[in-house]
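K.L.:
next comes the sequence, and after it the predicted model I'd like to discuss.
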Amino acid sequence: MKLMFIHPLFTQIGGAERIARDLFKETKSNKYDSRLYTLFYSTFLRGLKDVNFVSDKSPKFANLFGHKINPFNTKLIKESAKKVAEDYEVGDKIIYTNFPGSLIVYYAQKLNSQIKDINYMCFEPDRILYYDENIKYNFLPSNIKNNKYKLASKLFSNWKKIDKSVVNNSIKVFTMSETVLEQTNRVYEFNKCFKAFEYYVDTRDVEAMTKMDAREFLNRDLKTDLKEEDLVFVVMSRLEKSKGFIELFNILEKIKEKEGKLPFKLLISGNGSLKEFVENKAKEFDNVFYLGYVDDKFTLLSAGDVFLFLGQKETGGPLVLLESMYVKNLAITSNQGGPMEIIVNGKNGFFVDPENIENTIEVIMDVIDLYKMNKQKFKEIAFAGHETIAKQFSFRTSYWDFEKNVLNN
């Protein structure tokens, strides 16, 4: 039996891409004959065997259409489907993920009628295709509710029909989050989605490093000017509106205006459509460092004291929140979606309302005061976050659950 993973896009690296790669690698190391199919080559997949990609170029007109709902990907989707159809044999299992994964499956089935064992690993139903449903059930971040998304949803209604048909005909539909489980069942109007395993931290990737060692590394390689006594905040995610970057810089401006300067240093890492905006805004502050995409995420996180996440309607995790808590960053995070499954407010982190700037500023300043006035309590909350992740969100347990609930029929 072959395991055929279809994750169509590794062009922007987030939690979904890391999970897809992790499961592919781990199944191969556990003697499965695993293959990975994707549209575009990515250095994120460098060194992996049995990776099938169609193009070594970037998606065309991504600035206009984005990466997922892009009509200029159609030819590549069909070429990937052809490879899947050629490789598939009776008894093989397909696990596909985010759209346009369902399109690859659809065209592959048209070429090979023996393809039956298809399974959907859902990170979230597509926000554009299912714009109306996401609005109806309040799953869409307020800062991306706009006519552009609404119009695109209408233009690609045929893709939506195909996606819905493939998902409905999948043998298993599964996810890693109660939030995504609810969203998937509501959007697709069924009750077949189940939670197969937890989001996780792969502690095998974590190298023991002191906070000062991490800061010296960043000072040397990324020119960050971090000192031992500095209070350091970290923000790490894709640079998109839904991740709260517009709100972040509004908050920084208000804190600077009130305090005279930022009472902490802020490290920002990530890539995405707001890269130029983030890069330019960071230059307006002496204590804000935009570092681009940092591959060595645990070194960056280990240099921090506080992890800040302001994403709206985060569907699961986010994975980097778990990783930051594991290395004892105190978490200040959105009170919407995935973080609600991880944080107990005031016990192992703090919630903010990402749509309420004044509330967010108040919590940030309270945490700064806690760090200055009662560092022992600050450390206790950060350690409680570490304990939560270490006990409940290990990669080994999650992989065993994946094998049991997904691979074993």
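P.N.:
Okay, I see it.

K.L.:
what ranges do the strands span in the stretch 1-150 of the chain?
P.N.:
2-6, 33-40, 51-55, 93-96, 118-121 (DSSP state E, counting those that start in this stretch).

K.L.:
tabulate those strands in a markdown table, adding columns for mean pLDDT.
P.N.:
Output for those, formatted as a markdown table (pLDDT from 0 to 100):
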| stretch | mean pLDDT |
| --- | --- |
| strand 2-6 | 98 |
| strand 33-40 | 97 |
| strand 51-55 | 97 |
| strand 93-96 | 98 |
| strand 118-121 | 98 |
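
K.L.:
deepest in the core, which of the ones you listed is it.
P.N.:
strand 93-96 (a mean of 25; mean count of other Cβ atoms under 10 Å). (Glycine included, C-beta is placed from N, CA and C.)

K.L.:
so what secondary structure elements neighbour it?
P.N.:
Packing partners of strand 93-96 (3 or more Cβ pairs under 8 Å, 6 or more residues apart in numbering; DSSP states H and E): strand 2-6, helix 101-111, strand 118-121.

K.L.:
tell me which strands it pairs with, and in which orientation.
P.N.:
strand 2-6 (parallel), strand 118-121 (parallel) (DSSP bridges).

K.L.:
out of the helices and strands packed on strand 93-96, which comes closest to Lys150?
P.N.:
helix 101-111 (21.3 Å; Cβ to Cβ).

K.L.:
now do that closest one: everything it contacts.
P.N.:
With contact meaning Cβ atoms under 8 Å, 6 or more residues apart in numbering, helix 101-111 is reached by 6-8, 37, 77-78, 80-82, 84-85, 88, 94, 96, 115, 118, 120, 159, 162-163, 165-167.

K.L.:
identify each buried residue in that helix, please.
P.N.:
101-109 (16 or more other Cβ atoms under 10 Å).

K.L.:
that one to strand 2-6, inter-axis angle?
P.N.:
Interaxial angle of helix 101-111 relative to strand 2-6 (axes from the mean of the first three to the mean of the last three Cα atoms, to 10 degrees): 130 degrees.

K.L.:
helix 101-111: how far from the chain's middle?
P.N.:
25 Å (Cα atoms, centre = their mean, to the nearest Å).

K.L.:
and for stretch 159-173?
P.N.:
The answer for stretch 159-173 is 22 Å, by Cα atoms, centre = their mean.

K.L.:
can I get it as PDB, trimmed to CA atoms?
P.N.:
In PDB, the C-alpha atoms belonging to stretch 159-173 read as follows (Å, rounded to 0.1, in the frame of the first residue of the first chain):
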ATOM      1  CA  TRP A 159     -14.700  24.900  -8.100                       C
ATOM      2  CA  LYS A 160     -16.800  25.000  -5.000                       C
ATOM      3  CA  LYS A 161     -19.200  22.400  -6.400                       C
ATOM      4  CA  ILE A 162     -16.200  20.100  -7.300                       C
ATOM      5  CA  ASP A 163     -14.600  20.600  -3.800                       C
ATOM      6  CA  LYS A 164     -17.900  19.900  -2.000                       C
ATOM      7  CA  SER A 165     -18.500  16.700  -4.100                       C
ATOM      8  CA  VAL A 166     -14.900  15.400  -3.500                       C
ATOM      9  CA  VAL A 167     -15.100  16.100   0.200                       C
ATOM     10  CA  ASN A 168     -18.500  14.500   0.600                       C
ATOM     11  CA  ASN A 169     -17.300  11.400  -1.200                       C
ATOM     12  CA  SER A 170     -14.200  11.100   1.000                       C
ATOM     13  CA  ILE A 171     -14.000   8.100   3.200                       C
ATOM     14  CA  LYS A 172     -12.600  10.100   6.100                       C
ATOM     15  CA  VAL A 173     -12.700  13.800   6.900                       C
END
